[in-house]
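Undergrad: how does the following fold in three dimensions:
(chains A, B, C and D)
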4 protein chains.
Amino acid sequence: MIVVMKKGATPEQIQHMIRRIEEFGLKAHPIFGTERTVIAAIGEKRDDMRQSLESGPGVAEVVPILAPYKVASREVKAEPTVVRAGSLSVGNCYLGVIAGPCSIENEEQTIATARAIKAAGATALRGGAFKPRTSPYSFQGLKERGLEILAAAREETGLAVVTEVLSETDVTLVARYADVLQIGARNMQNYRLLEKVGETDKPVLLKRGPSATLEELLLAAEYILNAGNKQVMLCERGIRTFETHTRFTLPLATVPWLHERTHLPVVVDPSHGTGHTPLVARMAAAAVASGADGLIVEVHPDPEHALSDGYQSLNFTQFEEMMTLCRKVADAVGKLLP
Amino acid sequence: MIVVMKKGATPEQIQHMIRRIEEFGLKAHPIFGTERTVIAAIGEKRDDMRQSLESGPGVAEVVPILAPYKVASREVKAEPTVVRAGSLSVGNCYLGVIAGPCSIENEEQTIATARAIKAAGATALRGGAFKPRTSPYSFQGLKERGLEILAAAREETGLAVVTEVLSETDVTLVARYADVLQIGARNMQNYRLLEKVGETDKPVLLKRGPSATLEELLLAAEYILNAGNKQVMLCERGIRTFETHTRFTLPLATVPWLHERTHLPVVVDPSHGTGHTPLVARMAAAAVASGADGLIVEVHPDPEHALSDGYQSLNFTQFEEMMTLCRKVADAVGKLLP
Amino acid sequence: MIVVMKKGATPEQIQHMIRRIEEFGLKAHPIFGTERTVIAAIGEKRDDMRQSLESGPGVAEVVPILAPYKVASREVKAEPTVVRAGSLSVGNCYLGVIAGPCSIENEEQTIATARAIKAAGATALRGGAFKPRTSPYSFQGLKERGLEILAAAREETGLAVVTEVLSETDVTLVARYADVLQIGARNMQNYRLLEKVGETDKPVLLKRGPSATLEELLLAAEYILNAGNKQVMLCERGIRTFETHTRFTLPLATVPWLHERTHLPVVVDPSHGTGHTPLVARMAAAAVASGADGLIVEVHPDPEHALSDGYQSLNFTQFEEMMTLCRKVADAVGKLLP
Amino acid sequence: MIVVMKKGATPEQIQHMIRRIEEFGLKAHPIFGTERTVIAAIGEKRDDMRQSLESGPGVAEVVPILAPYKVASREVKAEPTVVRAGSLSVGNCYLGVIAGPCSIENEEQTIATARAIKAAGATALRGGAFKPRTSPYSFQGLKERGLEILAAAREETGLAVVTEVLSETDVTLVARYADVLQIGARNMQNYRLLEKVGETDKPVLLKRGPSATLEELLLAAEYILNAGNKQVMLCERGIRTFETHTRFTLPLATVPWLHERTHLPVVVDPSHGTGHTPLVARMAAAAVASGADGLIVEVHPDPEHALSDGYQSLNFTQFEEMMTLCRKVADAVGKLLP
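TA: Coordinates of the predicted model:
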């Protein structure tokens, strides 16, 4: 940590900050520059010290040197983590493809979709039973009945099931049916929920919040890892920016940036990341080219009659075309799409 | 709702969309323009119809005409809501001032702060017992002991107590001690939590998420209102933008914009909204000038030794100066700061 | 254009707006909904009318139906434009690769780079002679001497030359040396400059401003097209968002979105779009997979000693590796990289 | 400047970076931490060195310690600059109010507006003769005729005239008529234009670009100051964010933040900063409370028939009301509104 003093900080202020650093058990190393003094704090720990030092007298700013995440870091574990859940493998050379409807609406829709996506090459089924909806007046999901339908579709097709858990009180229930627990973007910083899924033995798909920094995403993963669950997939699903032609802006540089810093695999969601059916296949292909370890895509037998997210869902033919394109790009970049 | 067809949409596509609109129980009113056809859907309801129509064949976009929130709307209740909780009144002509430490650290700190802010004119005490922290390695709050300390400070000073509830399973516990339940920015779309606080009889302070639109904020309030609790304060605490010189960007136009559309009072948080002690007082004054119904401000006896948020906390003298400035501005704009 | 009246707008206000629409020579078509009245204005022109109608009495908002750009639109010209300048072809099936140093520093550096990129498969040379720099104290470019060096490199290698023109008074000079005139992101809305390059017969590479919407980008292109120059390439180079781990956020959905709406080719700049050498190759590959018609990439013989932008430049080996990756992805998506 | 080495950087890499720093004429001061090595570069200059060091081997990042602006800095000139132009004084205790139409449309409109705003207390007249318009098909201004009308209005009322200059080739012409040269947001980084207005003896109002950082704004001011013109006003007019209920987001913390770092006065534009007439007066008052040294506001005799920006213009009565509100707030915060 580097404490930058203001121009004109007094010797007393500098002494004060040296003492403060030492109170934290660190070694203080002042450097007297031509215009300003900075104090290096050696032995930095990843904790709340920074906030404390920032309000010291004569301090201009405090610059952290160490990243605040630990267990998620490549510095701690160099080799990439491969997350496995039944038919799904994500990470290293494996490209997982998770597809299915936004909401589970009924058994027929779900099983038809599961069969179609499996035929096209998907390796897991997604579908919402508990739905977080912006408006209290929107369809909120079939709840436990939805989970039963997902389990039936798994029985039928052998596809692993990925579904969202909204609330800490539902974790046990959802974990009984699901192969992968999804944490939605709105809950990325619902720390109690993160801790709860961290106590299960199910892999977790953690979606980035639309205004979360990648550091915040890694710290959210850290809550899960820290609770004992090492099977975490990070998911880029788009951020809030000034752009309005897409529902979110999908920043694919997330993928290589995370790959440099964490061993956890990175999945991309081109459906929420664009919000428009015609853009999904191209952005799925771009995600694969960027090095993504997985895709999660909304597919519906009849998007026009979907109970939610129809405008960003692919129908079966569109999904097949997407898979054809992605398979070629995966070959080009050396990823295995089974 | 206006369905805008693509240039070159066929008569069949237009007929199809007319039928779709009628299936929703609305009247379809097509208008054949020189370049495009649009179809007005009369009898619009606030629900999921839009998503469904958007994926229809030949549709370019769907433009909603009605705002999706209801109970929060001034169209439903024209006169401003005044939220009252003991010593605190917020709304209409009343300016409430909620102040106190980020975290409750111990009884001495809390009671000293409560006395100081009361002397300076604050009308409620804030303080975190359950703390949502970005890192799992940061101080997480004193939990129930923190609530007890808050209650002791209320006993001592008569100030109403505002504190955050992080989890649906804590709502009953926190409501036993608090006068106002705060929903933090990270939980603005934690719908289960919103429903739970909506079932209590305690007023709620609902903070805007850092990437939430005002429509999303109003819909989150709608979850609480819809569960039966009408005492909701909205809180602007800054948004995520490209700016890095402040921790968040504080957009005060939120205040007059919300006042035109909702009867709910609007509180501003200049501490989180700037993230820097030297900017807080000026932005508090600006918030009052913009018409805010309340302020929520971090105050600590010794910010340099605070366990959290020291860099944005005021000490007692700074808070007094802020109050002097705000009182003058409140007079200028006709707000009562008791 | 749809004029949405406020709830409770009076019959007089509605009549007034109908008259206003008719004054603009349009047909007004009012629709009386259950909660609000909207008025469709038929015969819409792409002009300033919207702003004017928005300030009418009782008006809630005005929703435009037609896109404001014309000549750039696929509705006007359905087949994709191919821009050609000597060795460079961009658009339709052709993938152009423009590479070279940020700044032209000297003849040796430039010619060495031109040879290396040509060997690796680039189809044009980029390099700045006039440099727009954030600080007046930074290196401002070699100016005309830089242009001469670029011309010498073209002579030597046959590569077409792409270089930025900063000022309307330099257009004639730069056009004497360059094959393609680049308009930088900071000048995207320097309308006089756009008009001037629109009067030349040189193709133009128009970079998106970091906070420009795609509609604003197309309208900037429209200034050039409208002045008579039809050879315009649009360039996505990243936008300003809250993300700080990259210098800009590179939103590749720009590519398929623009391809649906305009016939102009789309080039992507992964160097400025990421700002970090280790992310460039992956984002170049992702851009190709998204359907980009061209890449523009910073390459320097020795990035550590570059006078500008070293942190985002590739050295020759890194560029070769990038080209190997991109060539495979180009094959996968059916683009010709000669 | 602090060079942060990667974890695991080799002794050779560290030695290399020490040499590099010394090549720049600085003293290198390495600090060997428990996890990483950092090297302080003492004698830091404000120049391009940072970019160069960032691409060194084993370097994780380079953290600048000094702000890159000089002449604009309070470290160089502690007392606030007061900009004066005829009837207008801006800075220190003086609050200037610049009002008038977006576009100069004709003499009658302009003179009527000048009289009305003067009566209400404005201290300068604004109006566009050369208009930068997003679309080439929009009204582009009366050009020199507009300047003549502005001069006539000054003659009539004694109000100083503020008007935009769009192009370096117009600077001489505009400076002949105007008292203050305005640089629009789109041209904030049009460096040639900045240099040209820096060579005149007219005060300059420099608007912040909608995605410019405050550091970039100060560096743009530095171009003008560096060319010899010390009379520069900075103008906050709103930034591009994800918010869509206002045209831009107006971040008033800009005002106190700039006041801490620069002696240049800060003007706020609540018209562009909100884009909606009903929000203007409140945000003007908030700007004054935040400490602004000036306001620039769009006023039109009949906004509904304005040729541009009607939706954000005040009519005469609304402007009078705004002035009444602002005068009270100015009194409260100790600013003189003559």
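Undergrad: so after the helix or strand of chain A with the lowest mean pLDDT, what's the next helix or strand?
TA: None of the helices or strands of chain A scores lower by mean pLDDT, DSSP states H and E than helix A:49-54, at a mean of 79. Counting by DSSP states H and E, the element after helix A:49-54 in chain order, helix or strand, is strand A:59-63.
Undergrad: related to what we said a few turns ago, close to chain D, is the least confident helix or strand of chain A?
TA: No. Using C-beta under 8 Å from any C-beta of the partner chain, helix A:49-54 stays clear of chain D, with a minimum separation of 13.9 Å. Where you see a C-beta, it was placed from the backbone N, CA and C, and this is true even at glycine.
Undergrad: wondering if that helix reaches chain B at all.
TA: Yes. Contact of helix A:49-54 with chain B (C-beta under 8 Å from any C-beta) involves A:51, A:52, A:54.
Undergrad: so who does residue A:140 touch?
TA: Applying C-beta atoms under 8 Å, 6 or more residues apart in numbering or on different chains to residue A:140 gives the contacts A:130, A:131, A:133.
Undergrad: count of residues packed around the last one?
TA: For residue A:133, the count of nearby residues is 18 (other C-beta atoms under 10 Å in any protein chain shown).
Undergrad: how about the second one?
TA: When neighbours are counted by other C-beta under 10 Å, residue A:131 registers 22.
Undergrad: helix, strand or coil for it?
TA: Put simply, residue A:131 is coil when judged by DSSP: H, G, I helix; E, B strand; the rest coil.
Undergrad: so what's it closest to, chain neighbours aside?
TA: residue A:141 (3.7 Å; C-beta to C-beta, 6 or more residues apart in numbering or on different chains).
Undergrad: could you do the last one as well?
TA: In space, and not counting its chain neighbours, residue A:133 is closest to residue A:140: 5.9 Å by C-beta to C-beta, 6+ apart.
Undergrad: same check on the first one?
TA: Counting by C-beta to C-beta, 6+ apart, residue A:130 lies nearest to residue A:166, which is 4.5 Å off, once chain neighbours are set aside.
Undergrad: helix, strand, or coil at that neighbour?
TA: coil.
Undergrad: what sits against it?
TA: Here residue A:166 is in contact with A:130, A:131, A:132, A:184, A:187, A:193, B:191, B:192 (C-beta under 8 Å, 6+ apart).
Undergrad: got a winner among those for most neighbours?
TA: Result: residue A:187 is most packed of the contacts of residue A:166 (other C-beta under 10 Å), 29 neighbours.
Undergrad: stretch A:159-167 - what's its average pLDDT?
TA: Looking at stretch A:159-167 alone, the average pLDDT works out to 97.
Undergrad: next, the angle helix C:277-290 makes with the helix or strand residue A:284 falls within.
TA: Assigned by DSSP H and E, residue A:284 belongs to helix A:277-290. Angle, helix A:277-290 to helix C:277-290, by axes from the mean of the first three to the mean of the last three C-alpha atoms, to 10 degrees: 140 degrees.
Undergrad: partners of the helix or strand harbouring residue A:38, with directions?
TA: Here residue A:38 sits within strand A:37-42, counting by DSSP H and E. Each strand paired with strand A:37-42, and its direction, by DSSP bridges: strand A:2-5 (antiparallel), strand A:27-32 (antiparallel).
Undergrad: ok, which of those strands comes nearest residue D:211?
TA: Taking C-beta to C-beta, strand A:2-5 is the member of these nearest to residue D:211, at 26.2 Å.
Undergrad: following that closest one, which helix or strand comes up?
TA: Next along from strand A:2-5, by DSSP H and E: helix A:11-23.
Undergrad: give the buried residues for that next one.
TA: Neighbour-count burial for helix A:11-23 flags A:13, A:14, A:16, A:17, A:18, A:20, A:21 (criterion: 16 or more other C-beta atoms under 10 Å in any protein chain shown).
Undergrad: kindly provide the whole-number mean pLDDT of it.
TA: On average, helix A:11-23 scores 91.
Undergrad: and if you look at stretch A:289-304?
TA: 96.
Undergrad: end-to-end on it?
TA: 30 Å (C-alpha to C-alpha, to the nearest Å).
Undergrad: buried stuff in it?
TA: A:289-301, A:303-304.
Undergrad: is it anywhere near chain B?
TA: Yes. Stretch A:289-304 reaches chain B (C-beta under 8 Å from any C-beta) through A:303, A:304.
Undergrad: re the thing from before, just give me how far the strand holding residue A:38 sits from the chain centre.
TA: Using C-alpha atoms, centre = their mean, to the nearest Å, the mean C-alpha position of strand A:37-42 is found 35 Å from that of the whole chain.
Undergrad: show me what that strand is in contact with.
TA: A:1-5, A:9, A:14, A:17-18, A:21, A:24, A:26-31, A:49, A:53, D:2, D:31-34, D:38, D:40, D:65.
Undergrad: longest helix in chain A, by residue count?
TA: helix A:316-333 (DSSP state H).
Undergrad: that helix: how far from the chain's middle?
TA: Using C-alpha atoms, centre = their mean, the offset of helix A:316-333 from its chain centre is 23 Å.
Undergrad: let me know the closest of the buried residues of stretch A:289-304 to residue A:259.
TA: residue A:291 (6.0 Å).
Undergrad: apart from its chain neighbours, what residue comes closest to the closest one?
TA: Residue A:291's closest residue in space is residue A:255 (C-beta to C-beta, 6+ apart), at 5.0 Å.
Undergrad: phi and psi next, for that neighbour.
TA: phi -70, psi -60 (degrees, to the nearest 10).
Undergrad: what about residue A:180, distance to residue A:280?
TA: 21 Å (C-beta to C-beta, to the nearest Å).
Undergrad: equivalent analysis for residue A:17, please.
TA: 53 Å.
Undergrad: again with residue A:8
TA: From residue A:8 to residue A:280 the distance is 56 Å (C-beta to C-beta).
Undergrad: those two: which has the busier surroundings?
TA: Legend: neighbour count by other C-beta under 10 Å for residue A:8 and residue A:280, higher for residue A:280 (28 against 10).
Undergrad: and the residue lying closest to the more buried one once chain neighbours are set aside, what does it touch?
TA: Spatial nearest neighbour of residue A:280, excluding adjacent residues (C-beta to C-beta, 6+ apart): residue A:270 at 4.9 Å. Residues in contact with residue A:270, defined by C-beta under 8 Å, 6+ apart, are A:250, A:279, A:280, A:281, A:283, A:284, A:287, A:295, A:297.
Undergrad: redo that, cut-off 10 Å
TA: Applying C-beta atoms under 10 Å, 6 or more residues apart in numbering or on different chains to residue A:270 gives the contacts A:236-238, A:250, A:252, A:279-288, A:292, A:295-298, A:312, A:314, A:322, A:326, C:253.
Undergrad: could you do residue A:129 as well?
TA: Taking C-beta under 10 Å, 6+ apart as the test, what residue A:129 contacts is A:103-104, A:141-150, A:161, A:163-166, A:170, A:173-174, A:177-178.
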